[in-house]
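Peer 1: Here is a sequence with its predicted model. Questions after.
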Amino acid sequence: MNSITEMLKEAVNNHGSLFGILLASFLILIAVGPYTNWDAQTEYQAAIGVTKWGYPYLTFGTLVNQPPLGFYIEALFLKVVGESYPNGIGLITFFGVGSILLLYEIGRVLYNKRTGLFAAALFSLSPWQAAMSRIFLIDTQCLFFSLLYLLFGIWAIRRGSQKLLFISGTLFALALLTKGFAVFMLVPLLLFSVFRRKKDVVAWKDTVVFILPALVLSLLWYQVITRIGVLNLFLHSDFYLPISSEIAPSSFFLINYILSFALGAFFLLACLISVSLSSMRRLFSNFRFPDLMCSLTIVLILGFNMLLVLVGRLWVPYVNVTKYAYPTVPLFCLLAASLIAKSSTLLTSKDFEGGRRVLTYIAALAGLLFLFASIAVNMNSLIWMTGLNYLLFTVEGEIGYPFFLSSNNGNEYSVLLLGLAFTVIVICLSWYNSDKLKSLSGKFKRVWKNHSQSRILSL
């Protein structure tokens, strides 16, 4: 009996905060949806097509222009729980919560447990993540599998395990058969591989072990089963629908989008300060490479989006930044979350004197201020979302990606659920960081005491 009690106590101490944040994230998702739009209804029909004909047909013989796996997973779920749109969104919700769990573990492995926990909390409170996890789209499934293969890939490279690398490659194949955006997480994985191997070239054997499952499964679906040709994996309708000659996208369409309630100005400023602090090599040497991985991947994803819009002049990547830039959200959260540890280090560091010490204090406090301001703004945005039947993730002007609240499915206790979720997150983060809070409180008391004494002496 004592051993069971000790095990439960250890589980609560080690994972209680994480479980609390996952519970809060579930409450948030229940509060802010479900949503629908034209894409969601199309993809729902493809899932129903699997239950009817065994293939993701929109009408008999007409395949949906997306990879198939997400629709088969949804079809299996709908067969078990019943064929309805709200039931389908239920599965997407669990993938959304699962992505938060995976982000925690990636943050813990790349940075530390504290950063992973804050990243999970920030991801939970993101309106962008909340909306995408409450609509019948394959993007959340793709993100889940992408984060999963990234995590297994990191484990494989750290341990030098080809078995784990094969598992990572198999998960990559599943992610790629869910949506082509799965290739984006290859960027941080490749960077991590190069970093860990230092001057060595990535082994051809390891590359084959990783890529082989994706080649086999893609050829099996596109060449053997459907016989439509493997090039259809890349020949999507998004890449040939042009922007109208009456519309002129500006070079700032992505910044406009990010500064909207999708992320917000405070969140972006917190990320920029976090990356800037990484330049302090001696203090943050362990943060520099993970920050570089996240930053470079974000730049490449957003750069690809800009290339399609400004050079290719393609309509869907322009109006639908919500889906094209979605894989950057967990990476932004990791960058912002690492600011907690960096600011704490700066505020307790004794390496700076005089003016430099004041500047480091200002930088640390500004970063924390922007981070907590972004949390407050995102919470306000989530509350605002619950009162609307229609959302538009705006790119420029009235151009954006719409979300419509499903009829008669809104939760009348949404604000109460959001308040409860926010309270749980605050308690969990405060509980886990109680030691840091006590240390910082003591530090500020000593600084204030010394400042007061110096003023008295001067008088």
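Peer 2: Noted; the coordinates are in hand. What you see is a predicted model, and the numbers here were worked out from it, not measured in a lab.
Peer 1: Helices of the stretch 151-300 of the chain, start to end?
Peer 2: 162-176, 186-197, 204-219, 253-257, 265-277, 281-306 (DSSP state H, counting those that start in this stretch).
Peer 1: any chance of those helices in TSV, plus mean pLDDT?
Peer 2: As requested, the helices of the stretch 151-300 of the chain are exported to TSV (pLDDT from 0 to 100):
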stretch	mean pLDDT
helix 162-176	95
helix 186-197	86
helix 204-219	90
helix 253-257	91
helix 265-277	91
helix 281-306	91
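Peer 1: Let me know which of those helices is the nearest to Gly61.
Peer 2: helix 204-219 (21.8 Å; Cβ to Cβ). For glycine as for every other residue, the C-beta is placed from the backbone atoms N, C-alpha and C.
Peer 1: which residues touch Thr170?
Peer 2: By Cβ atoms under 8 Å, 6 or more residues apart in numbering, the contact list for Thr170 reads Pro213.
Peer 1: Let the chain start at 16 from now.
Peer 2: In the new count, where the first residue is 16, that last one comes out as Thr185.
Peer 1: Is Ser136 located within a helix, as I assumed?
Peer 2: Not Ser; residue 136 is Ala. Yes: counting by DSSP: H, G, I helix; E, B strand; the rest coil, Ala136 is part of a helix.
Peer 1: Surely it and Leu444 touch.
Peer 2: Yes: contact status for Ala136 versus Leu444: in contact at 6.1 Å, counting by Cβ atoms under 8 Å.
Peer 1: so where does the nearest residue to Phe276 once chain neighbours are set aside fall, helix or strand?
Peer 2: Nearest residue to Phe276 in three dimensions, chain neighbours excluded: Ser396, at 4.3 Å (Cβ to Cβ, 6 or more residues apart in numbering). Taking DSSP states H and E as the definition, one finds Ser396 inside helix 369-401.
Peer 1: isn't Trp330 right up against Ile258?
Peer 2: Yes: Trp330 is within contact range of Ile258, at 4.8 Å (criterion: Cβ under 8 Å).
Peer 1: before we move on, back to that, would you mark the buried spots in the helix or strand just after the helix holding Ser396?
Peer 2: Reading on from helix 369-401 to the C-terminus, the next helix or strand found by DSSP H and E is strand 405-411. Within strand 405-411, the residues that count as buried by 16 or more other Cβ atoms under 10 Å are Leu406, Phe408, Thr409, Val410, Glu411.
Peer 1: So which of the residues you listed is the closest to Leu158?
Peer 2: Nearest to Leu158 among these is Phe408, at 16.2 Å by Cβ to Cβ.
Peer 1: who touches that closest one in this structure?
Peer 2: Contacts of Phe408 by Cβ under 8 Å, 6+ apart are Trp143, Ala146, Tyr272, Ser275, Ala277, Val336, Thr337, Gly415, Tyr416, Pro417, Phe418.
Peer 1: By neighbours, which of the residues you listed wins?
Peer 2: Tallying neighbours with other Cβ atoms under 10 Å puts Val336 at the head of the contacts of Phe408, with 28 neighbours.
Peer 1: list the contacts for that residue?
Peer 2: Phe268, Leu269, Tyr272, Asn320, Phe408, Val410, Tyr416.
Peer 1: Repeat that for Ser252.
Peer 2: Counting by Cβ under 8 Å, 6+ apart, Ser252 makes contact with Asn80, Val331.
Peer 1: hang on, the earlier thing: mind putting the contacts of Phe408 into a markdown table with distance to Phe299 and secondary structure?
Peer 2: Output for the contacts of Phe408, formatted as a markdown table (distance: Cβ to Cβ, whole Å; DSSP: H, G, I helix; E, B strand; the rest coil):
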| residue | distance to Phe299 | secondary structure |
| --- | --- | --- |
| Trp143 | 27 | helix |
| Ala146 | 33 | helix |
| Tyr272 | 29 | helix |
| Ser275 | 30 | helix |
| Ala277 | 28 | helix |
| Val336 | 31 | helix |
| Thr337 | 32 | helix |
| Gly415 | 37 | strand |
| Tyr416 | 36 | strand |
| Pro417 | 41 | strand |
| Phe418 | 38 | strand |
